[in-house]
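1. Here is the input, now give the coordinates:
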Amino acid sequence: MTSSLSPVSSAGTDLRRRSDRLQSWLTQLIWLYGLFSILGLLGVGGAVVALLAVSGLPGADAPGGPLLVALVLASGLLVLVSLVLYVLAIRAAKRALAGAAEAGEGRVSPTLDQDVRRLNAWLTLGQWGTLVGAVLGLLFGVVTSRMAGALSSDAQVPSTFVLFGGLIGNLPTIVLTWLILASVKRFFSHVSLRARGSQQPVGPAAGAASGWLMFVYVFLWIAVGLSALSLLPALLLPAALGSERGADAAVGAGGLFALVAAFLALFGWLYSLLLRLVGHSRLFALEVAAQLDQPRTGEAAPLPDPWLNIPDPR
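-> Prediction:
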């Protein structure tokens, strides 16, 4: 009896540890997002000052100028609102993770259903938020294009081109975000149902979420490689200019290298967190499913997913 319960206990301990790690990394992500928000607000303030200075120049009274300033100010307000929403969403995710880990250990939290519903509501908001953000980005691009055309005919870009370019660029992001978050919602919903005694297994939902998270994991590594390649020109600039000019460029580019170092530190921290979160989240989903799908005492094995058409070997 003791030997049969030992693996379950060990798996429950590993599950709790993984949950604690995920919650710790989510807390770090909040701090990092807050830092990026501060930098974004500073950038918005600089953009407003620059736009007001340009609008005071002769011949710069473009008809889209006030609207552009309003959009920049609105984007700053959006940064603040998104920071608050992000903190609340992370808190909901941490509670749902803790509840899922407890369910995998055989202890059902009395607030599990409420925590899962709250998290799924935030994930739904994230799905729609991606769509709203894309629409606002398209609107900002169209207004900027029209304002640039009013200031100089050489800088004018057709609004139709900006609109269709934005649609082509944003549509894959919207679709993928919608599917990924939907798979996560389905997983937590199945965890809640199974913990309350449902016969529907969690494994298929966990497998679907794990597959999407693996896609995100590979995409993040590709993004890391592209980000590193984008920094090579700045790092190789002194060598490309020759010894004498390169030395002068190195002295004059001290601020640039400091900026690159800060960029590497911030985005290295970000990508490190995201890679660990995504990698451990997919393992967490599979481990929770493995624990919850085990037949309980006096209970029949959970029903197989009819969509998979895989016979249950038990």
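2. Only C-alpha atoms from now on, for both contacts and neighbour counts.
-> Fine.
3. okay, and for the stretch 1-150 of the chain, where does confidence drop off?
-> Where the stretch 1-150 of the chain drops to pLDDT under 70, the residues are 1-12, 47-48, 51-69, 71, 144-150.
4. Which parts of it are helices?
-> 2-55, 65-104, 112-151 (DSSP state H, counting those that start in this stretch).
5. Reformat those as CSV; add mean neighbour count.
-> Converted to CSV, the helices of the stretch 1-150 of the chain look like this (neighbours: other CA atoms under 10 Å):
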stretch, mean neighbour count
helix 2-55, 15
helix 65-104, 19
helix 112-151, 18
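6. Ok, which of those comes nearest Leu229?
-> Closest of the helices of the stretch 1-150 of the chain to Leu229 is helix 2-55, at 22.0 Å (criterion: CA to CA).
7. hang on, the earlier thing: I'd like the helices of the stretch 1-150 of the chain as JSON lines, with distance to Trp269 appended.
-> Shown next, in JSON lines, are the helices of the stretch 1-150 of the chain (distance: least, CA to CA, whole Å):
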{"stretch": "helix 2-55", "distance to Trp269": "8"}
{"stretch": "helix 65-104", "distance to Trp269": "18"}
{"stretch": "helix 112-151", "distance to Trp269": "23"}
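8. Ok, which of those comes nearest Ala290?
-> helix 65-104 (8.2 Å).
9. Can you list the helices and strands that that closest one packs against?
-> helix 2-55, helix 112-151, helix 159-195, helix 254-292 (3 or more CA pairs under 8 Å, 6 or more residues apart in numbering; DSSP states H and E).
10. try 7 Å this time
-> helix 2-55, helix 112-151, helix 254-292 (3 or more CA pairs under 7 Å, 6 or more residues apart in numbering; DSSP states H and E).
11. coming back round to it: quick one: closest of the helices of the stretch 1-150 of the chain to Ser272.
-> Of all the helices of the stretch 1-150 of the chain, it is helix 2-55 that lies closest to Ser272, at 9.8 Å by CA to CA.
12. ok, back up a step: adding distance to Lys185, write the helices and strands packed on helix 65-104 out as CSV.
-> Output for these, formatted as CSV (distance: least, CA to CA, whole Å):
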stretch, distance to Lys185
helix 2-55, 17
helix 112-151, 5
helix 254-292, 12
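13. Any idea which of these gets closest to Leu181?
-> With CA to CA as the criterion, Leu181 lies closest to helix 112-151 of the helices and strands packed on helix 65-104, at 6.1 Å.
14. Can you classify Gly211 by secondary structure?
-> State at Gly211, reduced to three classes by DSSP: H, G, I helix; E, B strand; the rest coil: helix.
15. That one: how many residues sit nearby?
-> Neighbours of Gly211 under the rule other CA atoms under 10 Å: 15.
16. Next: Asp293.
-> 21.
17. quick one: the closest residue to it other than its chain neighbours from Phe187, how far?
-> The shortest distance from Asp293 to any non-neighbouring residue, by CA to CA, 6 or more residues apart in numbering, is to Pro201 (5.6 Å). Counting by CA to CA, to the nearest Å, the gap from Pro201 to Phe187 is 10 Å.
18. Which one's more surrounded, those two?
-> Set Pro201 next to Phe187 and count neighbours by other CA under 10 Å: Phe187 wins out with 25 against 22.
19. who are the neighbours in contact with the more buried one?
-> Shown in contact with Phe187 (CA atoms under 7 Å, 6 or more residues apart in numbering): Val202, Ala205, Ala206, Ala209.
20. can you rerun that using 6 Å?
-> Applying CA atoms under 6 Å, 6 or more residues apart in numbering, we find Phe187 in contact with Ala205, Ala206.
21. And it, how far from Leu85?
-> Distance from Phe187 to Leu85, by CA to CA: 22 Å.
22. What of Ala209?
-> 23 Å.
23. and what of Gly268?
-> Taken as CA to CA, the span from Gly268 to Leu85 is 24 Å.
24. since we're on Ile180, how many residues are nearby?
-> Using other CA under 10 Å, Ile180 has 20 other residues around it.
25. Which residue, neighbours along the chain excluded, lies closest to it?
-> Sequence neighbours aside, Trp212 is the residue nearest to Ile180 in space, at 5.9 Å (criterion: CA to CA, 6+ apart).
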